[in-house]
Structure formats: structure tokens, C-alpha cells
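Chemist: sequence plus predicted model, see below.
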Amino acid sequence: MKTKFCNGGEADPSSPLGFLLGCAPGPVLPPALTQSPPSLPSSNADAEVKELGLRGQSHQQQQPPPPPLVLPPTPPSPPAEEQPDPRTRRKAYLWCREFLRGAWRGLREDQLRITPIRGGLSNMLFQCSLPDTIETIADEPRTVLLRLYGAILQMGAEAVVLESVMFAILAERALGPKLYGIFPQGRLEEFIPSRKLDTEELSMPDISAEIAEKMAKFHGMKMPFNKEPKWLFGTMEKYLNQVMRIKFTRESRVRKLNKILSYNLPQEMKNLRSLLESTPSPVVFCHNDCQEGNILLLDGREDSEKQKLMLIDFEYSSYNYRGFDIANHFCEWMYDYVHEKYPFFKANFMNYPTRKQQLHFITSYLAASQSGFENLSHEDKSKIEEDMLVEVNRTMHSPDLMPTLSRRGNSKCEG
């Protein structure tokens, strides 16, 4: 998925959440590619510097001048190719300074350590840190994650607001990273020392069991959002409308598109809707994007049996069919997104979980979601597991159809 960013005007980073309504959806470029870096604004920071200077003059009339202040050396900067553009760096500095307070309040812009984090599919990520020479004052963090919104901006202002509310609730319930600040272009989050999982790790028994437990807890939450499962087919219909309007000029692309359209996608989606509506799958609060890139392996807990993972990136979360969320995760076992050439992913259908692997996941899920499940008889447990296995595999075609539509829709950018 291509990363898109809101390139609104010179909005003050402390603007209220209502400014989100001014971020229009659509394919826009990073500000650095469309505008030159602005001159430093006459901000509150400038007023405070002048005020401090006046206070210093008054103070010097009463006491002898202090010895010259020796400032600590500025920490070395990352290599130039890893530096963000000046405009992004300036805004990151202001956001950290105004939202984090404490030691960040007196930080000079040249002291800010900021490093891009690669691997985000739909957002631009940066690690922002205090230099080692500056001590914290209270409970402010030394390091935070700056997230600049990408794909979610195409969904409109309502989606941005809902995702922000969702993230705040999950943070309060300790089900996601802490939230330190929110502004029209993104947010400041807790930086969690970790790494994202690799595709092949999804099938490891201990990893799979903990993902199932995390998903079960996620599904058990009560959230203040629309309880109807509208997200799935609403999203697919949007992509389908885009696909039906695509016009290619390159002959090879025309042939591929015609082959896809020959399957009568509107009828396929109608059949899929009928299948899902006849499948006894409860509507729960779903992650909807539980792939390896959205699952963190926490540093220092790699050898722990449990509590070594954290789910992140909730921009697609909504009430949806339980079977879809699990089936979508199983489909992610087949896809490797670390691929530099078009279409920027590789698929190995032999990696879809076996019956044994699916039951391992389902058993762990049920043990975490149903009180007393482990005390049931073998026959009763087997019946529940088999029913859920059918539920998941009846919905597995919806995760297959959705990326087919979305990738075709996004391929307009590829000519």
C-alpha cells in the first residue's frame, strides 16, 4: 500500500482535534515534496526566549554576572540519507516540545535526535529522542514514536477521528502503546523497543498461540463504535468501484485487468456476502489487519513463553465477523511484503496453515475467550473447535478478494 500524507498548510502542531476536519482525503504527497521549508514562525517559543532574555537583564542589575555557560556538545547526527527533510524535522521538534513538556520544553531543535523507521506500509514513522546529555525532569519519556498518517487520510476525516479515539481507548486499557499527543497530521506514541515479526514466524507454535490469545482479548472488548459489520463490504465495494473504472494504456496491464474482470467480480462479491451472512460467525471488535508487520516482538522477552507480543496499528479496526479476522490472519501466513519489485509482495500458497496449525490457533483462542473451555470434555471441546474451523474457512475467501481489489485499485498509480 502506497504511503500518502496530508500536506495541509502551516498548521500549528498544537491545533485542536477539530482541525482534522480540514484534512481532505485523497492522494497527496509529503509536504517536503510540494513545499519549501518555511521560515521559523514567530511562535510561543520565540516569545518565551525574549521574556527569558528580559528577565536575565533585570537579574543582572541585581547580581554579578554568572560565569559563561558551557553547553553540552550536540550529539552526532544520523547520516544525511537517514535525516528527515527540514520541514518535517521542524514540525517534529515542535510537536515533541509542546506535547511532551518536561525536559523536552527546553530542548533546542539541533539537539533533537530523529531517525526514520522503515517498514511502515501505510504511515511514515520516526523515532524521536532526547540526547544522552539531557536528564528528564518528571515522568516524560526519553524516546517517542512519531507517526505521520498515510493511507487513513484517504478514508476521510471521520476515519481519522475514529482511529484516534480507538487508539486512545486501547492505550488506556494497556492493549496498545501509550498515547502522548495527537494532532492533525499524526500522533506521538510510546516507543516500544521491539521488532516486527517476520512472515515465517507466524507459524511458530508459541508465537501463534500468543497471537490467538491477543486476538481473543481484542475481540472481547466493548468499543463505542457502530456495531454493524459494515466495514468489510463497504471497503470492498469502494475498491470494486475503483477497479471497474480503471483504464490502462500498457497492453500487458490491459490483458491482466481483462482477465480479472472476466471473473465477474460484482457477482463474486454478491456470492461472498451471501456466504458470510449464512455463516454463524459472531460480530466482534476486530483488528482486521493482523499481519506480521503489525505484531511486535518485545525486546528482552524473546525467550519468554508468553507476553512477548503486542498488536499495533488499529486504523482498520472495526466491528466485523470474527471468522474474517482469524481467516485474514491465516492468509497473511502466505504473503511476504518485503519485496522491492512490483507488486511489492510475494505469495506462497503452500504456507497457508494446515488443519493441525489452525486447530492449534483455535484452541488457544477458545481457551482465552471462553471461561471454562479447558474444563470441558474432549468431545465437547472438539465439537466447538470443529465448528469454529468451519466458520473460519467459510470466510477465508473474503481476505483473498479484498487484497485482489485493493491492489488492482492501487495499480492505477503503476500505469
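Modeler: Looks like it came in fine.
Chemist: can you show me the helices along the stretch 151-300 of the chain?
Modeler: Ranges of helices within the stretch 151-300 of the chain are 157-172, 205-219, 231-244, 251-261, 265-277, based on DSSP state H, counting those that start in this stretch.
Chemist: nearest to residue 143, out of those helices?
Modeler: helix 157-172 (16.5 Å; CB to CB). From N, CA and C alone the C-beta is placed, and that goes for glycine too.
Chemist: residue 194 contacts residue 310, correct?
Modeler: Yes. With contact defined as CB atoms under 8 Å, residue 194 counts as touching residue 310 (7.2 Å).
Chemist: give me the common contacts of those two.
Modeler: 296, 298 (CB atoms under 8 Å, 6 or more residues apart in numbering).
Chemist: which stretches of the stretch 51-200 of the chain form strands?
Modeler: Assigned by DSSP state E, counting those that start in this stretch, the stretch 51-200 of the chain shows strands spanning 113-117, 124-129, 143-148, 179-183, 186-190, 194-196.
Chemist: quick one: mean pLDDT over the fifth one.
Modeler: It refers to strand 186-190. In this model, strand 186-190 carries a mean pLDDT of 96.
Chemist: go on, stretch 164-176?
Modeler: For stretch 164-176, the per-residue pLDDT averages 93.
Chemist: cool, stretch 362-372 as well?
Modeler: For stretch 362-372, mean pLDDT is 97.
Chemist: buried residues in it?
Modeler: 362, 363, 364, 365, 366, 367, 368, 369 (16 or more other CB atoms under 10 Å).
Chemist: what do you get for stretch 250-269?
Modeler: By 16+ other CB under 10 Å, the buried positions in stretch 250-269 come out as 257, 265, 269.
Chemist: out of these, who's nearest residue 156?
Modeler: Distance to residue 156 across the buried residues of stretch 250-269 (CB to CB) is lowest for residue 269, with 22.1 Å.
Chemist: next up, the contacts around residue 284.
Modeler: 219, 220, 319, 320, 322, 325.
Chemist: how far away is it from residue 125?
Modeler: Separation of residue 284 from residue 125 (CB to CB, to the nearest Å) stands at 29 Å.
Chemist: one more: residue 397?
Modeler: Using CB to CB, which is the criterion applied here, residue 397 is 32 Å from residue 125.
Chemist: check residue 331 too.
Modeler: 25 Å.
Chemist: just residue 142 next, same as before
Modeler: For residue 142, the distance to residue 125 - CB to CB - is 18 Å.
Chemist: go on, residue 137?
Modeler: From residue 137 to residue 125 the distance is 26 Å (CB to CB).
Chemist: the more surrounded of these two?
Modeler: The neighbour comparison of residue 137 against residue 125 (other CB atoms under 10 Å) goes to residue 125, with 18 against 12.
Chemist: quick check: that one touching residue 149?
Modeler: No. With contacts counted by CB under 8 Å, residue 125 stays clear of residue 149, the gap being 10.9 Å.
Chemist: where in the protein is pLDDT low?
Modeler: Filtered on pLDDT under 70, the chain yields the residue ranges 1-82, 119-121, 400, 403-415.
Chemist: tell me the centre residue of it?
Modeler: residue 313 (2.8 Å; CA atoms, centre = their mean).
Chemist: secondary structure class for it?
Modeler: Following DSSP: H, G, I helix; E, B strand; the rest coil, the label given to residue 313 is coil.
Chemist: enumerate every residue touching it.
Modeler: By CB under 8 Å, 6+ apart, the contact list for residue 313 reads 122, 123, 289, 293, 294.
Chemist: hmm, try it at 6 Å
Modeler: residue 294 (CB atoms under 6 Å, 6 or more residues apart in numbering).
Chemist: cool, and residue 169?
Modeler: For residue 169, the contact set (CB under 6 Å, 6+ apart) is empty.
Chemist: for residue 241, the count of nearby residues, please.
Modeler: As a burial measure, residue 241 scores 12 neighbours (other CB under 10 Å).
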